[in-house]
Every structure is written in C-alpha cells, then in structure tokens.
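Engineer: Here is a sequence together with a model predicted from it:
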Amino acid sequence: MKITNFKLPNTHTIMFGLIIFSALLTWIIPSGEFERIEVDGRILVENESYQSVEKNPQGIGGILTAPIKGFIDSASIIGFVLIVGGAFGVFQRTKAVDSAIRSIAAAHKKYNFIRLLLIPIFMTIFSLGGAIFGMSEEVIPFILFFVPMSILLGYDTITGVAIPFIGAGAGFAGAFINPFTLGIAQGIAGLEILSGMGYRIIVWFVITAAAIIYVMRYAAKIRKDKNNSPIPGIDNEWRKKNLNDNDDNQHKLESRHKFVLAAFFAGLIVMVFGVLNYGWFIEEICAVFLITGIIVGIIGKLNSKEITEAFISGAKDLTGTALIIALAKGIKIVADEGRIIDTILSFLSSGVSEFHPVISGQVMFFVQSFLNFFVPSGSGQAALTMPVMAPLADLVGVSRQTAVLAFQFGDGFSNMIIPTSAVTMGILSLAKIPWEKWALWILPLQVIFIILSMLLLIPPYFINW
C-alpha cells in the first residue's frame, strides 16, 4: 500500500485506541494510591500518604467494559448534551436562528467595523464566561449557532468552533473568579477565595488577547481563500446545509423571530444567574434548556407535535457526540481502575523540588498539564493535585498563589486539545471536525499558550504575589 493512501482513523477509533493505550499503561506503571480524606464535603488526597498497592492491570474485560462505564459515569453530561440538542432543535425549527444569522451576515457585509469587531467582541464575551463562572459544557449549544454563522460570513467550521470554544477556554485558563476551579483550588491551598485578583486580571487580558489575535488571523486567511481550510469537505457539508436557500427574503427577522431570540437569551441569562448565585450545575442547566425549548417553540408558533419532533431530531443528531463523551470518560476509568493516576502524580511532583523557585513554578504547570490528560475535570484535578502541590510550593519557595495559577494554566489550556476531555470531544463531534485535524490546527496556539504560561509564572516570584 502506498503511503499516500494512508488515512488516519476516525475520532471514535482514536478514542477506543486511547482506552487500549491506557490499559497498557496499567501493566507498565506501578499501582499506588494516596489516602483520601473528606473536607467540607469534598474528597481530597492526603499529602505524603502515597503508598504502593497491589497491581490491578486492565485486560480485555476492562477495555471492553470501559465504554459502558463511561456512559454511566458521564450520564449527566450526556443527558445535558441530548437535552440541549433537543432544545436547540426546537429553536432551529422556528427559523429564528437562520434569520438571526442572515441579519448578522448582512451587517457584516455592510459595515467595516462589524467585520473588524465581531470576532473580538464574541470571544471576549465567552472569555468572560470562562473567567467568571467557568463556562465549559455551556459552550456546546453555541456551536450550532456559530458554525453556520461562520460559514455564512465566509469563514469555515473551525472558526465557528474557535469563537466560543477558544474564547471560553482562554477565560477558563486565566480565570479571576471561576468558583469551580480557582475558588476550589484556592480553598484547598488555604488562600483567601478570589485573592490575587489584580494580577489575575492582567493574566486574563493577556491570554484572551492572544487567543483573539490567533483566531482573527486565521479567519482572515480563510476569508481571503477558503482553500486554506484544513477541512474543506466538512465546510462544504455545512454550506450545503445552511446556504441551500439564497432568498434572503425568506429569512427576514420577523417579530416572532425577535421574540423567540429574546426568550432564548432570557433562558441563557437565567442560567448564568443560577450558576453564579445558586451554584447550579448540569441538572439545573438542563432544566433551563428544557423549559426554554418549550417556550421558544410556543412563541415560534409550533404545535406540540412539531415541538416534539424537533426536539427528538435535535437530540438524535447528537447521539454520536454522546458516544464520544462516553469513550473519553472510559479512558480515565481504565486508568483509575488500574490505580496508576496517583502513581503518576507522586512521581511527577517529586521532581518539582529540584529547581529554582521560578523554574519549579513552571514545572508545576507541566505536571498539571500532563495530569490533565487523565483528569480533565477542573474541580477533580484541583482536589487531586492541590493538597500535594500547595505544601510542596512552600518547601520549594513558590507562593501558593503561583501554584494555583500553574494549576489553572495546566488544566485550562490542555483542555482545548486533549482527547480525554468530554467537552472538547463533544464539541468537535457536534461540529463534525476530526480530532486530529483540530489538534493540528490548535497546536501552534498551544505553543503560544505554553510560552505565555511560562512567562506569566515568572513575575509572581519577584512581586511576592
């Protein structure tokens, strides 16, 4: 077979291959565990409690049961994806989405300042969502809006994903309020919640600016020549789906469309308010999307049968996404059952103390990034690593604020590329972008983020942050 005929396997195959790879690691890496303690209802590892335990390598049984265990373990996020898909299906059936996108496209074509500011404004909004309330799973429904909009504006599918996903991811990594990562990490580290705000806002600004510049440069290249897209076939699929009707008169923004849009955005406002003020998570957010879908259907003059059919159709379109999420979770489950994650943490953390405090802070960032492959949950990684990293920071002369910032960077940036992140893989599946294509596209941005992380971890040492 000629090498030119070689094709990379699809995303589902890659994910299952990573489950097998994770199982192989359980035969190579010694098993070990930290003792766990409960603090304020949160299960944390106890520092310096690591000990070797009997090996539990994962064989064929562990590999084959990982997907169903992944479904069970990620049932809430899979349910979230299906319900959001259903609600958005109803939203789309009202034609308000098409009308809104075409209105934006018309303004984009007519006004230069809109062409210049549209991407920065939207990305800044999403970045604030990531920085303030940890916007992550909440990005998923926006893919169904921004990809068609991006295509209609003359960009491509990747641009449509990047605006909300990279925007929110940059804010998540540079968060200055996010209670689900920053708040938990500072609490575990014994720091005052939301302390160090001044420097964190500077960090957020730098990271967000870098993300916006990267996406804008890419979008300009695509608008100049669509052949620059790495996924032209997928772009054409979206174009056929969204540009098959060129009669803009059929997509005028009517009064009912405006009311539908108002109801949808009111639902988003309720969601954000609930997350910030009442600690709502997936269950409550699902409820908001469910009632919002029903309301927009009624306002859009759909009958009960049309609402039901649109909801089922929207949810059905995301079944492939649900499978991707289950496989991603299965990778972590295999590593958990093989008892190798604590061993990896113990081994990596032991090397932090060998360097100057500035370098130690940067090494912490790389340790967190590596561990994020196995524990892509921000709150979960904080509970796993901060009880170890916080006292370790004291020993090596790194401030605990710096240790928390290294955790934020390690958790936030790599989440945009690792195939074990259920959100990342769900978004890519929804947009029909193969993971390997996305990884190649975002790799230069990841290098930029790594360099920025290393640089931003230096000043805290000299300002006694």
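Structural biologist: Great, that's in hand. Numbers count the residues shown, from 1 in each chain.
Engineer: Tell me which helix or strand the closest residue to Lys316 other than its chain neighbours sits in.
Structural biologist: Excluding the flanking residues, the one nearest Lys316 by Cβ to Cβ, 6 or more residues apart in numbering is Gly85, at 8.0 Å. C-beta coordinates here come from the backbone N, C-alpha and C atoms, glycine included. Taking DSSP states H and E as the criterion, Gly85 maps to helix 75-93.
Engineer: Same check on Asp342?
Structural biologist: Using DSSP H and E, Asp342 sits within helix 341-350.
Engineer: residues in contact with that helix?
Structural biologist: Defining contact as Cβ atoms under 8 Å, 6 or more residues apart in numbering, one finds that helix 341-350 is touched by 29-34, 45, 50, 335, 367, 370-371, 374-375, 384-385, 388-389, 392.
Engineer: Surely Tyr199 touches Trp465?
Structural biologist: Yes. Between Tyr199 and Trp465 there is a contact at 5.7 Å, judged by Cβ atoms under 8 Å.
Engineer: got any residues that touch both of those two?
Structural biologist: Counting by Cβ under 8 Å, 6+ apart, the residues touching both Tyr199 and Trp465 are Gln401, Pro459.
Engineer: sorry, back to before: got the CA coordinates for the helix holding Asp342 in PDB?
Structural biologist: Extracted C-alpha coordinates of helix 341-350, given in PDB (Å, rounded to 0.1, in the frame of the first residue of the first chain):
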ATOM      1  CA  ILE A 341      -3.000   8.100  38.400                       C
ATOM      2  CA  ASP A 342      -1.800   8.600  42.000                       C
ATOM      3  CA  THR A 343       1.500   7.000  41.000                       C
ATOM      4  CA  ILE A 344       1.900   9.500  38.100                       C
ATOM      5  CA  LEU A 345       1.100  12.400  40.500                       C
ATOM      6  CA  SER A 346       3.600  11.200  43.100                       C
ATOM      7  CA  PHE A 347       6.400  10.600  40.600                       C
ATOM      8  CA  LEU A 348       5.900  14.000  38.800                       C
ATOM      9  CA  SER A 349       5.500  16.100  42.000                       C
ATOM     10  CA  SER A 350       8.800  14.600  43.400                       C
END
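Engineer: May I ask you to name the longest helix in the protein?
Structural biologist: helix 197-224 (DSSP state H).
Engineer: avg pLDDT for it?
Structural biologist: Mean per-residue pLDDT for helix 197-224: 96.
Engineer: Which other helices and strands does it contact?
Structural biologist: In terms of contacts (3 or more Cβ pairs under 8 Å, 6 or more residues apart in numbering; DSSP states H and E), helix 197-224 is packed against helix 112-133, helix 157-173, helix 400-414, helix 435-456.
Engineer: Which among the contacts of helix 341-350 count as buried?
Structural biologist: The neighbour count (16 or more other Cβ atoms under 10 Å) marks 29, 31-34, 45, 50, 335, 367, 371, 374-375, 384-385, 388-389, 392 as buried among the contacts of helix 341-350.
Engineer: returning to that earlier point: give me the angle between the longest helix of the chain and helix 157-173.
Structural biologist: 180 degrees (axes from the mean of the first three to the mean of the last three Cα atoms, to 10 degrees).
Engineer: Does Gly361 touch Arg400 like I think?
Structural biologist: No. The pair Gly361 / Arg400 is not scored as a contact, 10.9 Å apart, by Cβ under 8 Å.
Engineer: Specify which residue of those two has the higher count of neighbours.
Structural biologist: Gly361 (27 against 23; other Cβ atoms under 10 Å).
Engineer: Pull up the gap between that one and Thr402, please.
Structural biologist: Plainly put, Gly361 is 5 Å away from Thr402 if you go by Cβ to Cβ, to the nearest Å.
Engineer: what touches both of the two?
Structural biologist: Counting by Cβ under 8 Å, 6+ apart, the contacts common to Gly361 and Thr402 are Leu457, Pro460, Tyr461.
Engineer: and the second one, what element?
Structural biologist: It refers to Pro460. Pro460 belongs to helix 459-462, assigned by DSSP H and E.
Engineer: Which strands or helices does that helix pack on?
Structural biologist: Looks like helix 459-462 contacts helix 357-372, helix 400-414 (3+ Cβ pairs under 8 Å, 6+ apart).
Engineer: make it 10 Å
Structural biologist: Applying 3 or more Cβ pairs under 10 Å, 6 or more residues apart in numbering; DSSP states H and E, one finds that helix 459-462 makes contact with helix 197-224, helix 357-372, helix 400-414.
Engineer: and those helices, which is most packed in?
Structural biologist: Ranked by mean neighbour count, the helices and strands packed on helix 459-462 are led by helix 400-414 with a mean of 27 (mean count of other Cβ atoms under 10 Å).
Engineer: quick one on the thing from earlier: need the residues that contact the helix holding Pro460.
Structural biologist: 196, 199, 202-203, 356-361, 397-399, 401-403, 405-406, 465 (Cβ atoms under 10 Å, 6 or more residues apart in numbering).
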